[in-house]
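Novice: sequence plus the predicted model coming up.
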Amino acid sequence: MRPEWQEAERAARAALATHAATAVLAVATFEPVAGSLSNFAWHVSAPGQDRFVRYARAGNEQLGADLHAESELLHLVARAGLAPRVVRCDPSARLLVTQWLASAKGDPSAGGCDRTIRQVAAMLCQLHELTPPAGVRVVDFAVQARRLGAALPAEAVRPALAACAEEVLSRLGPVHAQALCHHDVHAQNLVTDRAGRLWLVDWEYAGLGDPVFDLASCASQLELSAARAGLLCDEYVRVGGTAELSRLDLARWAFDYVQWLWYRGLLAAAAPGRDGFEAAQRAERIECDLQMRASGVLRCNNHRFDHND
């Protein structure tokens, strides 16, 4: 086990031991759950308890995570049947414990199949119709892009991408009807249980926002083809949402730009090792994709996009 995982497990066990609802888990077997670069997670079982335990990495607030906002929302979305039951949420200890969801064998969520796309569209529409708690934070992707970009070292900045992002976000315009959004709909956060029910997990980027960015997040991170992105949009509208495919295309590029900034920010702060290498690979792949799509998304052929820009 890598040193950072050992340290995180010790911290998680210590935090679990401080509360009666989770004390038994502190001495149970921890089975790591891979996939996240911003959190440590485990499947932890004890007599009568089968739990998901997450310990947030230090510094993920600088990348847009908000554990306190997540805490405010988790019980609401769990009661709505969108997220697993919360056992304990303790932002001050960077700890989250929920019911464990045993995923179906060959979980289709990661593949972006048509059935999953329809389920996600219905789930997002239900989420966007919920009444949010008073005072919940607002997530503005234009603000997020400026903040993440300003934190990058000078050599990581790509002026042409930033200019295109500014125009894309300007065309998207201000949000007139904010809704409660998840903002990070990807394969590891979509879990299909053995009964075939789809759940959405990891809500630390949630808040009030433009619903199109939840659709964009899904389309981008499930790598949906144009046809399947169209299906997502159409199905969302069919079940009661409001969306336009042209606006989804803009939001998808903007989401990928913010996602690229996120990985660049993570890379700048990461210690040398596997996580930094993976962040660098993902950032490079997204950057190349953004460059290829930039002219098409805005017909901005006046920009040159290259790695030295």
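Specialist: Yep, that arrived. Please read all numbers here as calculations on a predicted model, not as lab measurements. Numbers count the residues shown, from 1 in each chain.

Novice: residues contacting residue 214?
Specialist: Counting by Cβ atoms under 8 Å, 6 or more residues apart in numbering, residue 214 makes contact with 124, 127, 128, 181, 182, 183, 185. (Glycine included, C-beta is placed from N, CA and C.)

Novice: looking at those, which is nearest residue 157?
Specialist: Closest approach between those and residue 157, by Cβ to Cβ: residue 183, at 23.7 Å.

Novice: these two touch, right, the closest one and residue 138?
Specialist: No: assessed by Cβ atoms under 8 Å, residue 183 is found out of contact with residue 138, at 11.4 Å.

Novice: residues shared between the contacts of these two?
Specialist: Common neighbours of residue 183 and residue 138 (Cβ under 8 Å, 6+ apart) are 207, 209.

Novice: please identify which of these two sits among more neighbours.
Specialist: For residue 183 versus residue 138, the count of surrounding residues by other Cβ atoms under 10 Å is larger for residue 183: 21 against 11.

Novice: secondary structure class for the more buried one?
Specialist: coil (DSSP: H, G, I helix; E, B strand; the rest coil).

Novice: excluding its backbone neighbours, what's nearest it?
Specialist: residue 205 (4.3 Å; Cβ to Cβ, 6 or more residues apart in numbering).

Novice: for that neighbour, grab the count of nearby residues.
Specialist: By other Cβ under 10 Å, neighbour count at residue 205 equals 24.

Novice: what's the separation between residue 22 and residue 114?
Specialist: 39 Å (Cβ to Cβ, to the nearest Å).

Novice: neighbour-wise, which of these two wins?
Specialist: Set residue 22 next to residue 114 and count neighbours by other Cβ under 10 Å: residue 22 wins out with 24 against 14.

Novice: with adjacent residues omitted, what lies nearest to the more buried one?
Specialist: That would be residue 16: by Cβ to Cβ, 6+ apart, it lies 4.4 Å from residue 22.

Novice: report the contact partners of that neighbour.
Specialist: Residues counted as contacts of residue 16 (Cβ under 8 Å, 6+ apart) are 22, 23, 25, 26, 53, 95, 97.

Novice: what average pLDDT does the helix or strand that contains the fifth one get?
Specialist: So the one you mean is residue 53. Following DSSP states H and E, one finds residue 53 within strand 49-56. Per-region confidence: strand 49-56 scores 96 on mean pLDDT.

Novice: what helices and strands are in contact with that strand?
Specialist: helix 3-16, strand 39-46, strand 95-99 (3 or more Cβ pairs under 8 Å, 6 or more residues apart in numbering; DSSP states H and E).

Novice: rewinding a little: look up phi and psi at the residue nearest to residue 183.
Specialist: Backbone dihedrals for residue 205, given as degrees, to the nearest 10, come out at phi -110, psi 10.
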